[in-house]
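Undergrad: predicted coordinates and the sequence they were generated for:
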Amino acid sequence: MKELHLLGKLVKLEDCPVLLKSTPDADWQKDWQVMAGEWSVEDGWLIGAERGNKGGILFSRQSFDCDVVFSFTAKTVLPATRDVNGVFCAHWDKEIDYLGNAYVFGFNGWYEHKSGIERSPEIGLRSLTGAYTYTPGQEIRVTTGIIEGHSFLYADDVFVSELIDPHYISGGHVGFSPYCTKLAIKDIEVRRAVWTPFEQSYKPEF
């Protein structure tokens with residue numbers, strides 16, 4: 001994917017500086033911090049598992065103070081079939097020892113195999129669809145992120161969802177969140193989001 005066409009915005013990835021590039025290896029914890037769940041590396045893949053009805057969570061050690069484009073390759077580890085999930089603009093709530101303010105995105109989740117984006121803690125702000133369904137065990141290239149409260153989600157070159165939060169979260173960690181499932185992740189990249197206005201208009205069709 002070279003360009004992201006959002007509502008009123010155009011992002012050319014070649015114009016977005018790379019802030020983090022991570023290929024999981026024996027030294028993976030230099031870039032990543034385990035917050036919840038079981039995490040390891042196998043054959044170049046980050047493996048994350050959570051057996052409870054909650055999210056296992058891995059945070060980037062780096063907290064980003066800018067808008068980001070977050071990309072990675074992921075798959076479920078069969079027989080796991082659901083919740084290819086991650087987070088951005090993520091913060092940890094020390095009082096409850098769990099995820100605090102964040103945006104959560106995912107595929108085959110929300111208990112009904114839906115895909116989309118929601119704000120955490122749950123305040124009813126979410127954008128979900130049943131139109132895109134992830135095929136369990138299959139590798140997909142995920143591209144997500146946020147620009148001034150305008151978040152977006154792609155699977156390979158397929159647009160899945162966007163969400164505009166008028167009172168958005170600024171900055172924070174990126175990461176992954178297998179929710180009662182097991183995921184494999186590799187080829188991780190975080191870029192600073194650079195965009196230009198994307199003029200959109202209709203021409204008469206008749």
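TA: Done, it's in.

Undergrad: top strand in the chain by residue count?
TA: Longest strand of the chain, by residue count under DSSP state E: strand 182-192.

Undergrad: who does that strand touch, helix- and strand-wise?
TA: Contact analysis of strand 182-192 by 3 or more C-beta pairs under 8 Å, 6 or more residues apart in numbering; DSSP states H and E lists strand 18-22, strand 45-49, strand 68-76, strand 173-176 as its packing neighbours. Yep, even glycine has a C-beta here, placed from its N, CA and C like the rest.

Undergrad: centre of the chain to that strand, how far?
TA: Taking C-alpha atoms, centre = their mean, to the nearest Å, the mean C-alpha location of strand 182-192 is offset from the chain mean by 9 Å.

Undergrad: residue 112 contacts residue 133, correct?
TA: No: at 10.8 Å, residue 112 does not count as touching residue 133 under the criterion of C-beta atoms under 8 Å.

Undergrad: the more surrounded of the two?
TA: Higher neighbour count among residue 112 and residue 133: residue 133, with 13 against 9, using other C-beta atoms under 10 Å.

Undergrad: show the end-to-end separation of stretch 77-97, please.
TA: When the termini of stretch 77-97 are compared using C-alpha to C-alpha, to the nearest Å, they are 27 Å apart.

Undergrad: can you check stretch 136-155 too?
TA: 13 Å.

Undergrad: what's the average pLDDT for it?
TA: Per-residue pLDDT over stretch 136-155 has a mean of 98.

Undergrad: centroid residue for this protein?
TA: Centroid check for the chain by C-alpha atoms, centre = their mean gives residue 86 as the closest residue, at 4.2 Å.

Undergrad: continuing past the strand or helix carrying it, what's the next helix or strand?
TA: Residue 86 belongs to strand 84-90 when assigned by DSSP states H and E. Going down the chain from strand 84-90, the next helix or strand is strand 92-93, by DSSP H and E.

Undergrad: avg pLDDT for that next one?
TA: 96.

Undergrad: now for residue 174: which residues touch it?
TA: Applying C-beta atoms under 8 Å, 6 or more residues apart in numbering, we find residue 174 in contact with 20, 59-60, 64, 68, 70, 86-88, 90, 190.

Undergrad: adding distance to residue 167, write the residues you listed out as a markdown table.
TA: Converted to a markdown table, the contacts of residue 174 look like this (distance: C-beta to C-beta, whole Å):
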| residue | distance to residue 167 |
| --- | --- |
| 20 | 27 |
| 59 | 23 |
| 60 | 24 |
| 64 | 19 |
| 68 | 19 |
| 70 | 21 |
| 86 | 22 |
| 87 | 18 |
| 88 | 16 |
| 90 | 17 |
| 190 | 24 |
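
Undergrad: any idea how far residue 156 is from residue 69?
TA: For residue 156, the distance to residue 69 equals 15 Å [C-beta to C-beta, to the nearest Å].

Undergrad: and these two? which has more neighbours close in?
TA: A side-by-side neighbour count of residue 156 and residue 69, using other C-beta under 10 Å, places residue 69 first with 25 against 13.

Undergrad: thought that one was touching residue 195?
TA: No: Residue 69 is not in contact with residue 195 according to C-beta under 8 Å; the separation is 9.5 Å.

Undergrad: having no further points to raise, I will conclude here.
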